[in-house]
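Asker: Predicted model follows, preceded by the sequence.
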Amino acid sequence: MSRVKALVLTGFGLNCDLETAYALTIVGADVERVHLNSLAQREKRLADYRIFVVGGGFSWGDDHGAGVIMGMRLKHRLGDDLQAFVASGGIVIGICNGFQVLVNLGLLPGFEPGVLKREVALINNDCGNFRDQWVNLIGNAASPCVLTEGIEAIELPVRHGEGKFFAETDVLERLERRQQVILRYAGADGKVAGGAFPANPNGSVADIAGICDPTGRVAGLMPHPEAFNDWTNHPEWTRKRELARRSGTVAPREGEGLKLFRNAVNYFR
């Protein structure tokens, strides 16, 4: 069986491409890190891949707002290619800065197929500063999202200054009605954070940490699954190892973040 081809975008301040490519490789994808200019100049064709990832970082230094310039660059240079990619069954993943890019581009929430329209935003954290922490998340079993299938709860790190998800009431109602919310911030007890800081690290409305489009194949999230590719990435891994030893079990070697990437790769199998 041929390996699923994945393209991880690089350039202009994106800086999580190595970890993202590594995570996809672990779960069986054939990965290329491709500079934005190579796509814009048609040296590489998006249509030759099945998974397209815009990862974390600070594209163009977030000078005009996080993900704004990259979003506009993709929209005006590759908008038709992106829409054709999605229409052909491809998967698009936006992580942190990549999520910001997808909402500025208008690919998310994607209520109307073939229309790039900005309807939600990721704005400055309510706490007023950059957050670098681990968060608990709960998945939405009713969501059509390919990435979060089978994920009831997961712990991942966040690191952002503009991660507050915001949308007008009618847009929120539409997202909820269509089950397009894929992840929500939660407390250690597994219940939604209810806006409480720091369980909800940025003040996102309805504790939203990620959404998808109606197809379930375009998804964006603020937490970083690529940053939990091995269990030793977790700040409490030594404690978890000891607890596993005392209970007579074996601690998993993989980080939980790989579940999302494995779901994407397995979708094509």
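Answerer: Structure's in. What do you need?

Asker: Which strands and helices lie in contact with the one helix or strand in the chain whose mean pLDDT sits lowest?
Answerer: When each helix and strand of the chain is scored by mean pLDDT, DSSP states H and E, helix 237-247 comes last, with a mean of 91. Judged by 3 or more CB pairs under 8 Å, 6 or more residues apart in numbering; DSSP states H and E, helix 237-247 is in contact with no other helix or strand. For glycine as for every other residue, the C-beta is placed from the backbone atoms N, C-alpha and C.

Asker: Would you mind writing the CA trace of that helix as PDB?
Answerer: The C-alpha coordinates for helix 237-247 follow below in PDB (Å, rounded to 0.1, in the frame of the first residue of the first chain):
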ATOM      1  CA  TRP A 237       6.100  11.900  32.300                       C
ATOM      2  CA  THR A 238       8.400  10.600  35.100                       C
ATOM      3  CA  ARG A 239       5.500  10.600  37.600                       C
ATOM      4  CA  LYS A 240       3.300   8.900  35.100                       C
ATOM      5  CA  ARG A 241       6.000   6.300  34.500                       C
ATOM      6  CA  GLU A 242       6.300   5.600  38.200                       C
ATOM      7  CA  LEU A 243       2.500   5.300  38.600                       C
ATOM      8  CA  ALA A 244       2.400   2.900  35.800                       C
ATOM      9  CA  ARG A 245       5.200   0.800  37.300                       C
ATOM     10  CA  ARG A 246       3.500   0.700  40.700                       C
ATOM     11  CA  SER A 247       0.200  -0.400  39.100                       C
END
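
Asker: next helix or strand past it?
Answerer: Downstream of helix 237-247, the first helix or strand assigned by DSSP states H and E is helix 258-267.

Asker: on contacts alone, who are the packing partners of that following helix?
Answerer: Applying 3+ CB pairs under 8 Å, 6+ apart, one finds that helix 258-267 contacts strand 4-10, helix 17-26, strand 91-95.

Asker: chain center to it, what's the gap?
Answerer: 12 Å (CA atoms, centre = their mean, to the nearest Å).

Asker: Work out for me the element Asn104 sits within.
Answerer: Using DSSP H and E, Asn104 sits in helix 97-105.

Asker: With Leu82 instead?
Answerer: helix 68-87.

Asker: Report the rounded mean pLDDT for stretch 177-185.
Answerer: Across stretch 177-185, pLDDT averages out at 98.

Asker: who's in contact with it?
Answerer: The contact list for stretch 177-185 (CB atoms under 8 Å, 6 or more residues apart in numbering) reads 109, 111, 135-140, 142-145, 147-148, 154, 174-175, 192-193, 199-201, 204, 206-214, 219, 221, 223.
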